[in-house]
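Undergrad: Next one to model:
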Amino acid sequence: LLGAACVIVGDMIPDRLAQARSFGCETIDLREEGSMEDKIEQILGEREVDAFVDCVGFEAHGCGCDHGKEQPATVLNSAMALTRAGGQIGIPGLYVTEDPGAVDEAARQGALSMRFGLGWAKSHSFHTGQCPVMKYHRPLMQAILFDKVKIADAVNVQVISLDQAAQGYAEFDGGVAKKFVIDPHGMVPA
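TA: Take a look at the predicted model:
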């Protein structure tokens, strides 16, 4: 919608990668071995991106052979390594001030081992915090109403009843490639 020539989605869940491909994204399976720079170069013909968005947050896992291990700072460090000098890094992914279940004492205090000096040296612009949803409501609504974007298809919407909400939340938490819309009164046509 905002004019990106190529959007690359990295994920570890095959169904979500397939969903991203269904609306034109390039994909990288983060479970596979190999350097991210090499994978990006295969797609773009160069080893860095103009902008990087961390949609994961502190629950991130490593890539390749480390894909099963929690590594809270891995996405942020990858963002700084893979974004070109002067590029932008968006961080709507959730980071917390405390995480009692974190992998180490520093992470339990919300302290992550980041290569912030790299981001500084490359003059990255960092944009953090919750997405400013209200800023996008009207333009997104207009794009949907005038058939410029098929957001329900892109996010694989499934309408469920209120009785199905617990199951929907469980599936969402498990990483299913769907977004659930709860329709408690049966108002959405099937």
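Undergrad: How about the contacts made by the spatially most central residue of the chain?
TA: A centroid search over the chain (C-alpha atoms, centre = their mean) returns residue 55, at 3.0 Å, as the residue closest to the centre. Residues counted as contacts of residue 55 (C-beta atoms under 8 Å, 6 or more residues apart in numbering) are 92, 93. Where C-beta positions appear, they are placed from N, C-alpha and C, glycine not excepted.
Undergrad: Ramachandran coordinates for it?
TA: phi -100, psi 10 (degrees, to the nearest 10).
Undergrad: from memory residue 28 sits against residue 10, does it?
TA: Yes: contact criterion C-beta atoms under 8 Å: residue 28 and residue 10 qualify, at 4.4 Å.
Undergrad: Can you check which residues contact both of those two?
TA: Common neighbours of residue 28 and residue 10 (C-beta under 8 Å, 6+ apart) are residue 36.
Undergrad: In terms of residue numbering, what are the domains of this structure?
TA: According to the TED database, the chain comprises the domains 8-132, 135-182.
Undergrad: which one of these is the most hemmed in?
TA: For those, the largest average neighbour count (mean count of other C-beta atoms under 10 Å) is found in domain 8-132, namely a mean of 15.
Undergrad: Give me the contacts around stretch 3-23.
TA: With contact meaning C-beta under 8 Å, 6+ apart, stretch 3-23 is reached by 24-31, 36, 40, 43-44, 49, 51, 61, 67, 150, 153-156, 175-177.
Undergrad: ok so, going back, next one: the residue nearest to the centre of the chain from residue 16, what distance?
TA: Using C-beta to C-beta, to the nearest Å, residue 55 is found at 11 Å from residue 16.
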